[in-house]
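A.B. asks: Sequence first, predicted coordinates after that:
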Amino acid sequence: MPMPPTISTARVIWVMAAKDLRLLVRHRTAFFFTFVFPLLFGVGFGLVFQQVQGWHAQDWIAVAII
Amino acid sequence: MLELRDLRKRFGSTRAVDGLSLRAGAGEVFGLLGPNGAGKSTTFSMLAGLLRPDGGEVLIGGEGGALPPTDRRARARLGSAPQRLALYERLSGRENLLFFGRLRGLRGQGLRARVDELLEGVGLASRGDDASGVYSGGMARRLNLAIALVHRPPVVLLDEPTAGVDPHSRHAVHDLVRAARADGACVVLATHDMHEAQALCDRVAVIDRGKALACGPVHELIRDHGGRAVVTIERDRGDEPIETEDPLGVLAGIGVGTGSIEAGVLGVRVERASLETVFLNLTGRSLRD
């Protein structure tokens, strides 16, 4: 019999991650609390506190990409 | 193709596997029989490289020589269907097969063709896109086996592959095992089902308390450990069981086949030794935990 192929660790990680993402999308509650809820939470608190402590909508936050 | 040499494993003071040495070849179905707690599942875990032996070694043969199951090349040679189903219930049968196929290094059109072939082979072609969580026990068991075979492994480990399934699914599983053997795979099968072992296995090892009590072709085990046949003569005054190594002689003695059967004989039953008799003779009849 021909020997089956082997697989690199990087490919295993990629295949596992793709499967886990697919499972997460299928699990609506988990998907909501992982992706939607943090966004709603952030937007809600942002709206509530945007005028507090002298912050203004036009203020910029410096972001460094390293 | 697969060899165990003086394999040992202890859990505390319990010797789960105690010096087990076995060898199974290509194109062979090798049965591992034993009562509960005999050490079958521990042996399987060591065969699959999931458990490190305390002593001895497991070698998986193939191109590049024999390797322990912890080696990446040896793991690629193994396909395993555990007793507890290893499926993702939110994925369909097809997606499960695609996932495990990709994990085994398959991809593209070749993988998709293999998945279609397996879904057809296990009778799930029409349900392949349904979530495996809604499958019946038999369907899930068949999918579990298909996953073990997805990369055409030279060594297949099956731990009670027909536990809790109906006769139709059992026959489908048996056909898949025979097909794998015909392709040249070495199939190691742990089962409690003596009829299954007798129907499928080329050779069988009966193990108990971590040791191999007997090993060989089924007909040799029955000849050497099955004991004598029992001829039960049903007479008008009651049944008369006779243990004998010559059942035909007993039948001739009461006139069966001569046209003048002994007076008072209503019927005759002949029970020959089977693999179950061998199993009970070797392991005893006491209940196990």
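C.D. replies: Here it is on my side, so go on.
A.B. asks: Residue B:88 contacts residue A:24, correct?
C.D. replies: No - if you go by Cβ atoms under 8 Å, residue B:88 and residue A:24 don't touch, sitting 11.8 Å apart. C-betas here are computed from N, CA, C, even on glycine.
A.B. asks: who has more neighbours, the two?
C.D. replies: residue B:88 (18 against 14; other Cβ atoms under 10 Å in any protein chain shown).
A.B. asks: To what extent is the nearest residue to the more buried one once chain neighbours are set aside buried, counted in neighbours?
C.D. replies: Spatially, and ignoring its direct neighbours in sequence, residue B:88 is nearest to residue B:96 (5.8 Å; Cβ to Cβ, 6 or more residues apart in numbering or on different chains). Neighbour count of residue B:96, defined by other Cβ under 10 Å: 26.
A.B. asks: what's the answer for the one 10 residues further on, then?
C.D. replies: Residue B:106 has 22 neighbouring residues, counting by other Cβ under 10 Å.
A.B. asks: so who does it touch?
C.D. replies: A:5, B:114, B:150-151 (Cβ atoms under 8 Å, 6 or more residues apart in numbering or on different chains).
A.B. asks: Pull out the buried members of the residues you listed.
C.D. replies: Buried members of the contacts of residue B:106, scored by 16 or more other Cβ atoms under 10 Å in any protein chain shown, are B:114, B:150-151.
A.B. asks: Quick check: phi and psi at residue B:155.
C.D. replies: phi -130, psi 120 (degrees, to the nearest 10).
A.B. asks: and what of the one 3 residues further on?
C.D. replies: Listed backbone geometry of residue B:158 is phi -120, psi 120, with angles given as degrees, to the nearest 10.
A.B. asks: Distance check, it against residue B:102.
C.D. replies: 22 Å (Cβ to Cβ, to the nearest Å).
A.B. asks: So those two - more neighbours on which side?
C.D. replies: residue B:158 (29 against 21).
A.B. asks: Bridge partners for that one, pull those for me.
C.D. replies: residue B:81, residue B:189 (DSSP bridges).
A.B. asks: Now do the same contact list for it.
C.D. replies: By Cβ under 8 Å, 6+ apart, residue B:158 lies in contact with B:80-81, B:145, B:148, B:177, B:187-190.
A.B. asks: Tell me the residues of the stretch 51-200 of chain B that contact chain A?
C.D. replies: B:62-64, B:72-73, B:76-77, B:88, B:90-91, B:95, B:99, B:102-106, B:151-154, B:183-185 (Cβ under 8 Å from any Cβ of the partner chain).
A.B. asks: Can you flag the buried ones in the residues you listed?
C.D. replies: Applying 16+ other Cβ under 10 Å to these flags B:62, B:76-77, B:88, B:90-91, B:95, B:99, B:102-106, B:151-154, B:185 as buried.
A.B. asks: Would you pull up the residue in chain A closest to chain B?
C.D. replies: Closest contact between chain A and chain B, by Cβ to the nearest Cβ, is at residue A:5 (3.5 Å).
A.B. asks: Find the nearest non-adjacent residue to that residue, please.
C.D. replies: Counting by Cβ to Cβ, 6+ apart, residue A:5 lies nearest to residue B:105, which is 3.5 Å off, once chain neighbours are set aside.
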